[in-house]
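I would like the atomic coordinates for the input below:
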Amino acid sequence: MKASVILTMLVLAAAGALTWRGHTRMVAATENVRRLEEQAAALGMIPGSTRPPSSRTGNRHAVDGKALASSLMFPGGKVPDRLATGRDLATLDAEGMRSFVREIFSSSVSDPEKRHRIVLTLVKAALADRPQTALLLLDAYHEAGGKTNVLETRELIPGILEKLAAQDATAALQWVRETSGRHPDLVSVETRRRVLTTLAAGDPKLAFREMDKIGLEEPQDALGAIMLGGNTRSQRLAVLDALRGHLSEIPDERLKTERATMAMQQFTYSTALGGIANARQWMAAAKFSPEEMELFAKGIANSPIPTGENGEWIECLTRAGAGTSLDKPVQDMMKTWTIVDYQAAGRWLTSAPGGPAKRAATETYAGMVAKYDPATAEKWALTLPEGKQRAGTLSIIHQEWPAGDAAGKTEFADRHGIR
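From the prediction side, this is the model:
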């Protein structure tokens with residue numbers, strides 16, 4: 001695999017945790033409303049008016065946008081509460097929103113900084129649950145000459161698009177395509193990734209169809225984003241099924257293998273972040289092929305698994321991958337676990353069910369503890385069946401024997417016929 005591909009995959013893995021947690025931030029964002037409403041009050045946008053919500057159901061045009069801006073920005077005047085303001089703004093069509101913004105620029109607010117804060121407050125508070133209207137307002141604001149800095153763009157756009165994609169995938173994709181031409185600085189790589197991730201949670205097959213059209217130059221960026229989609233049993237299985245369908249349409253075997261590896265790496269990373277309890281709900285139903293199981297187990301072994309879950313993951317992988325050799329990933333997981341907490345690893349090994357996975361774990365554990373507890377290592381090695389694996393483990397223990405115990409090392413070698 002090319003070095004550039006590997007580097008990008010590592011970057012994706014680092015960003016994966018942030019993207020995975022991005023969905024929870026959508027809920028947390030609503031907790032900022034009180035703070036934002038306080039800012040709105042400081043700008044003259046005082047909530048609590050008794051004005052009833054607009055009774056209109058159709059779009060309001062330019063004259064209504066201007067009137068709405070005038071009423072909202074009237075110095076010292078009271079305006080509708082957050083929900084009423086959001087409803088009023090949501091009734092404006094594109095021209096009505098342009099008129100609304102023009103009024104803010106022309107007569108209602110003369111201070112550019114105050115205008116800017118007003119627009120951001122409207123987007124974050126009044127339109128927190130109306131992503132399509134929030135984007136319409138931002139579009140009109142930028143067309144009128146307003147600007148958002150890089151940090152504001154990173155804070156606002158991905159989250160808004162994520163919400164819109166969950167509500168209306170077609171509208172989100174259309175906005176990305178249209179805005180990429182008019183305001184490319186507003187549509188970052190992260191924004192495109194998060195749209196794909198949200199699409200994949202609801203319709204992973206659509207996400208795969210759109211991955212080459214959304215503007216991500218590197219296939220691994222798009223694949224990684226899609227494989228983060230969803231966290232429920234049905235969503236995880238649907239993403240895996242969509243991946244299989246996508247790979248089946250690739251005639252080039254080398255490219256197919258490369259994409260499968262990249263996709264499964266991100267899939268396993270997000271699975272590990274979701275925790276063992278979540279994974280248990282769907283792994284048996286995934287019906288992994290031997291090739292898929294090898295990639296999946298390797299990915300789990302290389303993911304940041306909580307220390308207390310290592311043994312459970314080994315057992316879960318063993319059940320899901322019955323008939324597949326998992327020695328290498330099991331050994332990798334056991335090695336990491338033994339370094340962090342060898343006592344916990346030993347306790348798990350004592351009660352672990354027999355089989356190839358336990359033998360692989362035992363071999364690794366014995367070799368790891370030999371340098372500071374060779375007697376325990378020897379006991380574990382002798383639980384292995386006679387043959388190549390036991391002999392190899394005893395040889396490793398001999399090699400790792402503490403340097404200050406030459407006599408013990410010699411006796412050990414004599415007991416086991418090591419020359």
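
how about the longest helix along the chain: buried residues?
In the chain, with assignment by DSSP state H, the single longest helix is helix 327-351. Of the residues in helix 327-351, 327, 329-338, 342, 345-346, 348-349 count as buried by neighbour count, 16 or more other C-beta atoms under 10 Å. To be clear about C-beta, it is placed using only N, CA and C from the backbone, and glycine gets the same treatment.

from the chain's centre, how far out does that helix sit?
In terms of C-alpha atoms, centre = their mean, to the nearest Å, the centre of helix 327-351 is set 27 Å apart from its chain centre.

got it, and stretch 120-138?
Centroid separation for stretch 120-138 versus its chain: 24 Å, with C-alpha atoms, centre = their mean.

Compute the first-to-last residue distance for that stretch.
With C-alpha to C-alpha, to the nearest Å applied, stretch 120-138 spans 9 Å between its terminal residues.

mean confidence for it?
The average pLDDT within stretch 120-138 is 91.

And stretch 246-260, by the same measure?
Stretch 246-260 comes out at a mean pLDDT of 96.

who touches it?
1, 5, 208, 219, 223, 243, 263, 291-292, 295 (C-beta atoms under 8 Å, 6 or more residues apart in numbering).

before we move on, back to that, what's the closest of the buried residues of helix 327-351 to residue 237?
residue 329 (21.5 Å; C-beta to C-beta).

ok, that closest one touching residue 298?
Yes: contact between residue 329 and residue 298 holds when scored by C-beta atoms under 8 Å: they sit 5.2 Å apart.

neighbour-wise, which of the contacts of stretch 246-260 leads?
Per-residue neighbour counts (other C-beta atoms under 10 Å) across the contacts of stretch 246-260 peak at residue 223, which has 27 neighbours.

my guess is that one contacts residue 211, does it?
Yes: with contact defined as C-beta under 8 Å, residue 223 counts as touching residue 211 (7.2 Å).

low-confidence ranges in the stretch 151-300 of the chain?
Low-confidence segments of the stretch 151-300 of the chain (pLDDT under 70): none present.

Could you identify the helix or strand that succeeds the longest helix of the chain?
helix 356-369 (DSSP states H and E).

Go ahead and name everything in contact with that next one.
Here helix 356-369 has contacts from 314-315, 317-318, 325-327, 330-331, 334-335, 338-339, 342, 345-346, 349, 352, 376-378, 380-381, 383-385, 389, 392-393, 396-397, 400, using C-beta under 8 Å, 6+ apart.

cool, and stretch 324-336?
288, 290, 293-294, 297-298, 300-302, 305, 310, 313-314, 317-318, 345, 356-357, 360-361, 363-365, 368.

Now name the helix or strand holding residue 70.
helix 62-73.

For that helix, name the packing helices and strands.
Where contact means 3 or more C-beta pairs under 8 Å, 6 or more residues apart in numbering; DSSP states H and E, helix 62-73 is packed against helix 82-90, helix 94-103.

at 7 Å what do you get?
Counting by 3 or more C-beta pairs under 7 Å, 6 or more residues apart in numbering; DSSP states H and E, the packing neighbours recorded for helix 62-73 are helix 94-103.

got the buried residues for the helix it packs on?
For helix 94-103, by 16+ other C-beta under 10 Å, it's 96-103.

Of those, which one scores lowest on pLDDT?
Comparing those by pLDDT, residue 103 comes last, at 87.

List the contacts of that residue.
66, 69-70 (C-beta atoms under 7 Å, 6 or more residues apart in numbering).

again, 8 Å this time
Per C-beta under 8 Å, 6+ apart, neighbours of residue 103: 65-66, 69-70, 73.

between the residues you listed, which has the most around it?
Busiest of these [other C-beta under 10 Å] is residue 65, holding 27 neighbours.

ok so, going back, and which of the buried residues of helix 94-103 is nearest to residue 277?
residue 97 (45.7 Å).

Let's verify the nearest residue to the closest one once chain neighbours are set aside: helix, strand, or coil?
Nearest residue to residue 97, sequence neighbours excluded (C-beta to C-beta, 6 or more residues apart in numbering): residue 140, at 4.4 Å. Counting by DSSP: H, G, I helix; E, B strand; the rest coil, the backbone at residue 140 sits in helix.

I figured residue 140 was touching residue 96, is that so?
No: Residue 140 lies out of contact with residue 96 (C-beta under 8 Å); the separation is 9.2 Å.

measure residue 124 to residue 233 for me?
Counting by C-beta to C-beta, to the nearest Å, the gap from residue 124 to residue 233 is 34 Å.

the more surrounded of the two?
With neighbours defined as other C-beta under 10 Å, residue 124 and residue 233 compare such that residue 124 has more, 22 against 16.

In three-state terms, how would that one be classified?
Residue 124 falls in the helix class when you classify it by three-state DSSP.

hmm, back to that, could I have the PyMOL command that selects the buried members from the contacts of stretch 324-336?
Remark: buried members of these, expressed as a PyMOL selection using 16+ other C-beta under 10 Å:
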select buried, resi 288+293+294+297+298+300+301+302+305+310+313+314+317+318+345+357+360+361+363+364+365+368
